[in-house]
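[1] Make a model of this:
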Amino acid sequence: MSKYCLKENHVTDEKLFNQRRAIIKSSLAFSLLTFSNLLFSNDKKLIFSKDMKYSTNEETNTFKQITSYNNFYELGSGKRDPMMNAEKLNTDDWTVSIDGEVKNKVTLNKDDFINKFPLEERIYRLRCVEAWSMVVPWIGFELNHIIKLAEPTYKAKFVAFESVYDPENLPGQKRNILAWPYREGLRLDEARNPLAILSVGLYGRILPNQNGSPIRLIVPWKYGFKSIKSITKINFVEEMPNTSWNLEAPNEYGFYSNVNPYVSHPRWSQKRERRIGEFRKRDTLMHNGYAEHVAHLYEGMDLTKNF
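    Below is the predicted model of the structure:
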C-alpha cells in the first residue's frame with residue numbers, strides 16, 4: 001500500500017464532518033453579527049447641517065476604521081478593546097454637570113446635547129500622539145454654546161473636563177493605568193475657539209460607545225488624548241487644572257499638547273504620521289494643519305517648554 005493512502009480509521013465520518021462544518025459556519029456568522037453590532041450599536045440618525053468653513057476636504061476614514069481602531073483606556077488599553085467592550089459603557093440616564101466660576105450652573109442630559117444646540121458636521125483631522133492619524137466626520141456643536149449658556153465669571157480662566165467613572169463595569173478602570181476618572185482641560189480662550197466642538201455623533205449617527213458616547217470633546221489642533229470622551233463634568237476654574245496624562249508623565253505630555261512636528265516626544269519623533277489605511281507615512285502639519293485658526297493663541301510662548 002502506498003504511504004500516501006489513508007486508512008479507514010483516519011478518515012472523518014461524513015456525517016460528523018458535515019456537523020463540524022455547520023458548527024464552524026454558525027460560529028463565523030455569529031462572530032460577524034457580533035462585530036457588526038459592535039460597530040453599529042446605535043443607528044439613530046441625526047439632523048445636522050454641513051460646515052463649509054472649517055472642514056477639511058480630505059478623504060475620510062471609513063466608519064469601520066474609526067470605530068475599531070481607538071484609544072479609550074476606560075474600555076481597555078488595546079486598540080480593539082474599546083470596540084469589543086463597548087457594551088460595558090452604560091449611557092442610560094447620562095447627565096453632564098456644568099459648574100464652577102459661572103453665573104448659570106446647569107445639568108444637561110444626553111438628549112439636551114442633541115436637541116438644544118445646532119448640530120453640524122465637522123470633518124477634522126485627528127492626530128494621535130502615537131504618530132497615527134485619521135480624518136473623521138464628527139457631528140456636534142461649538143463648545144462656545146456651553147460657554148454662553150454657563151456665562152463664566154471674570155474668575156474663570158480655564159475649563160476642566162471629567163470623564164465617566166464606573167470601575168465596577170469598565171474593565172480599564174479595574175486597573176491603575178491612570179488616576180481615574182480621566183481629566184482634561186483647556187484655557188478659556190482655547191475653549192472659545194470655533195474649532196473646539198462637543199461631538200455627539202459621527203457619520204450622521206449617534207456617537208458609538210467606543211468613540212466616547214454620549215458626548216466628547218474635539219480639539220483638532222491638539223493630540224487626540226486632549227479630546228476627552230464620555231464627559232460627565234465641565235467646570236470653569238481659575239487655576240490650570242490637572243490633566244490625566246500630564247499627571248502620569250509630565251515630561252512626556254504637557255498641558256497644551258498641541259500638534260507640533262518640531263517638538264518630539266521623548267521616545268519618538270512627531271515629524272511624520274501614519275494615516276490609518278495608508279502604507280506610506282506623511283508629514284505632520286503644525287497645529288495639525290489648523291495654524292491659521294489657532295496660532296495666535298500661543299504668540300510669544302516658547303512651545304518647546306509649553307508643549
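[2] Just the CA atoms of stretch 210-229, as CSV, please.
    Output of stretch 210-229 as CSV, limited to C-alpha atoms (Å, rounded to 0.1, in the frame of the first residue of the first chain):
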residue,chain,number,x,y,z
GLN,A,210,-16.2,53.1,21.8
ASN,A,211,-15.7,56.6,20.4
GLY,A,212,-16.8,58.4,23.6
SER,A,213,-20.6,58.3,23.7
PRO,A,214,-22.8,60.2,24.5
ILE,A,215,-20.6,63.3,24.3
ARG,A,216,-17.0,64.1,23.9
LEU,A,217,-14.6,67.0,23.3
ILE,A,218,-12.9,67.5,19.9
VAL,A,219,-9.9,69.9,19.7
PRO,A,220,-8.4,69.1,16.3
TRP,A,221,-5.2,71.1,16.7
LYS,A,222,-4.2,69.1,19.7
TYR,A,223,-3.1,65.5,20.1
GLY,A,224,-6.0,63.1,20.4
PHE,A,225,-5.8,62.4,24.1
LYS,A,226,-6.9,66.0,24.8
SER,A,227,-10.3,65.2,23.2
ILE,A,228,-11.7,63.7,26.3
LYS,A,229,-14.5,61.1,25.9
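[3] tell me the contacts of I234?
    Residues in contact with I234 (C-beta atoms under 8 Å, 6 or more residues apart in numbering) are 96-99, 146, 150, 159-161. Just so you know, the C-beta spots here come from the backbone N, C-alpha and C atoms, and that holds for glycine as well.
[4] Quick check: bridge partners of G140?
    Note on G140: beta-bridge partners by DSSP bridges are E120, S199.
[5] who's in contact with it?
    G140 makes contacts with 119-120, 122, 197-201, 218, as judged by C-beta under 8 Å, 6+ apart.
[6] which residues are in contact with the one helix or strand V294 maps to?
    Assigning secondary structure by DSSP states H and E places V294 in helix 291-294. Residues outside helix 291-294 that contact it (C-beta under 8 Å, 6+ apart) are 54, 190, 193-195, 221, 258, 285, 287.
[7] most neighbours, which of those?
    With neighbours taken as other C-beta atoms under 10 Å, the top of the contacts of helix 291-294 is W221, carrying 29 neighbours.
[8] So it is in contact with H287, correct?
    Yes - contact status for W221 versus H287: in contact at 4.2 Å, counting by C-beta atoms under 8 Å.
[9] Quickly list what's touching both of those two.
    By the contact definition C-beta under 8 Å, 6+ apart, W221 and H287 are jointly contacted by 258-259, 294.
[10] Show me which of those residues is closest to V129.
    V259 (8.7 Å; C-beta to C-beta).
[11] Now do the SS call for N71.
    At N71, secondary structure determined by DSSP: H, G, I helix; E, B strand; the rest coil is coil.
[12] Phi and psi next, for it.
    The phi and psi values for N71, taken as degrees, to the nearest 10, are phi -110, psi 120.
[13] Correct me if wrong: it contacts K226.
    No - counting by C-beta under 8 Å, N71 sits too far from K226 to count as a contact (11.8 Å).
[14] more crowded one of these two?
    Comparing N71 with K226 by other C-beta under 10 Å, the one with more neighbours is K226, at 25 against 18.
[15] circling back to that earlier point, just give me the closest of the contacts of G140 to E168.
    Of all the contacts of G140, V200 has the smallest distance to E168: 25.6 Å, by C-beta to C-beta.
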